[in-house]
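Colleague: Using only what follows, build the 3D model:
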Amino acid sequence: MTKRSHLFEPGGVGLQATDVRITNQRVLLTHVSLKPGSSPADLARISKLAPQTVASILQELEEAGLVRAGDVIRGK
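Modeller: Numbering: from 1, shown residues only. This next block holds a predicted model:
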């Protein structure tokens, strides 16, 4: 009988951290493309991601030249 991989073992059948990160990047890029000018707080609410995660991913996407931070708008 073969041993089945556990869901959370490296190489198991579950998602790996890099897969989750790529999925989260795609989610944010999709939201930004549909609603340009969204704030990080808006993106966190819409995507259900933690604000820290959104900030980190947006920084990576900006460094890659895929998004650009705009001017801060207060009192929306």
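Colleague: Which helix runs longest in the protein?
Modeller: What stands out as the longest helix in the chain, according to DSSP state H, is helix 17-34.
Colleague: Does anything pack onto that helix? Which helices or strands?
Modeller: helix 40-47, helix 51-63 (3 or more Cβ pairs under 8 Å, 6 or more residues apart in numbering; DSSP states H and E). Using the backbone N, CA and C atoms, a C-beta is placed for each residue, glycine as well.
Colleague: Output those helices as CSV; include the columns distance to residue 73 and mean neighbour count.
Modeller: CSV is the format used below for the helices and strands packed on helix 17-34 (distance: least, Cβ to Cβ, whole Å; neighbours: other Cβ atoms under 10 Å):
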stretch, distance to residue 73, mean neighbour count
helix 40-47, 11, 16
helix 51-63, 16, 15
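Colleague: right, and the ones you listed - which one's nearest residue 31?
Modeller: Residue 31 lies closest to helix 40-47 among the helices and strands packed on helix 17-34, at 5.6 Å (Cβ to Cβ).
Colleague: and that closest one, what does it pack onto?
Modeller: Packing partners of helix 40-47 (3+ Cβ pairs under 8 Å, 6+ apart): helix 17-34, helix 51-63.
Colleague: name the helices or strands packed onto the shortest one?
Modeller: Under the contact definition 3+ Cβ pairs under 8 Å, 6+ apart, helix 51-63 sits against helix 17-34, helix 40-47.
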